[in-house]
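Participant: 3D, please:
(2 chains)
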Amino acid sequence: DAGITQSPRHKVTETGTPVTLRCHQTENHRYMYWYRQDPGHGLRLIHYSYGVKDTDKGEVSDGYSVSRSKTEDFLLTLESATSSQTSVYFCAISESLAGNTGELFFGEGSRLTVL
Amino acid sequence: GQNIDQPTEMTATEGAIVQINCTYQTSGFNGLFWYQQHAGEAPTFLSYNVLDGLEEKGRFSSFLSRSKGYSYLLLKELQMKDSASYLCAVSRGSNDYKLSFGAGTTVTVRA
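Facilitator: Take a look at the predicted model:
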């Protein structure tokens, strides 16, 4: 199994509070992603990173920011959480070596509830 | 934009065969993935198709037709443990490793 850990795994917070989710990998993979998963929508990309300090927006990036100061860590921050951000958040990693399919390896997920 | 469609739910009997279809319309194509996700768990990789045709891997097979924007995942000799959600995902470019996912198909296997 790919070494990916997410923290916290579960969090309940109140509207308007900041929240940071952490993704830590031990695989030295170049690419890291944050997805959210909601019923009826599947997995939607929030932000991704293609290297240290190199990040870009995905399809549902409003209200979220990310940082990657080290290869192994990718942080997702909700500056002011809203109830619409209640979701399960998955971190994923992939490598770009020649011949690699670009397969994603997922962390176990972080369930966030915003009251 | 990306449009990836798959049925919401399917039910089948243990030992039977189920085929999950996926159609896609995306800006660029560099491969189609299938993932399995058990309830409350992370998605795990099942198969990858980049060329037309059938890829077989044990009880699971995946088919791709690029001209039709169509793929299917075939699950044979169904077992109770195959009850899960199956996610179709498309990669758009050779240097673009972001995947766009369909909403997933929940397969329920009955005894």
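
Participant: Just the pLDDT for the most centrally placed residue in chain A.
Facilitator: Most central in chain A under CA atoms, centre = their mean is residue A:34, positioned 2.5 Å from the mean C-alpha point. pLDDT for residue A:34: 97.

Participant: Same check on residue A:95?
Facilitator: Looking at residue A:95, its pLDDT reads 83.

Participant: What about the closest residue to it other than its chain neighbours, how many residues nearby?
Facilitator: Computed as CB to CB, 6 or more residues apart in numbering or on different chains, the closest residue to residue A:95 that is not its neighbour in sequence is residue A:29, at 4.6 Å. Every C-beta, even on glycine, is put in place using the N, C-alpha and C of the backbone. The tally of other residues near residue A:29 (other CB atoms under 10 Å in any protein chain shown) stands at 22.

Participant: What is the helix or strand of chain B with the lowest mean pLDDT packed up against?
Facilitator: The weakest-scoring helix or strand in chain B, judged by mean pLDDT, DSSP states H and E, is strand B:96-101 (a mean of 82). In this structure, strand B:96-101 packs against strand A:31-38, strand A:42-51, strand B:84-93, with contacts taken as 3 or more CB pairs under 8 Å, 6 or more residues apart in numbering or on different chains; DSSP states H and E.

Participant: tell me the contacts of the residue nearest to residue A:38 when sequence neighbours are not counted?
Facilitator: Nearest non-adjacent residue to residue A:38, counting by CB to CB, 6+ apart: residue A:87, 5.3 Å away. Residue A:87 makes contact with A:36, A:37, A:38, A:112, according to CB atoms under 8 Å, 6 or more residues apart in numbering or on different chains.

Participant: phi, psi of residue A:87?
Facilitator: Note on residue A:87: backbone dihedrals following degrees, to the nearest 10 are phi -170, psi 180.

Participant: Tell me the residues of chain B that contact chain A?
Facilitator: Neighbours of chain A within chain B, by CB under 8 Å from any CB of the partner chain: B:30-31, B:33, B:41-45, B:48, B:50, B:87, B:89, B:91, B:95, B:97-104.

Participant: low-scoring pLDDT stretches of chain A, where are they?
Facilitator: Residues of chain A meeting the criterion pLDDT under 70: A:1-2, A:96-100.

Participant: List the buried residues of the least confident helix or strand of chain B.
Facilitator: Within strand B:96-101, the residues that count as buried by 16 or more other CB atoms under 10 Å in any protein chain shown are B:97, B:98, B:99, B:100, B:101.

Participant: Sheet-wise, list the partners of it with their directions.
Facilitator: In the sheet, strand B:96-101 lines up against strand B:84-93 (antiparallel) (DSSP bridges).
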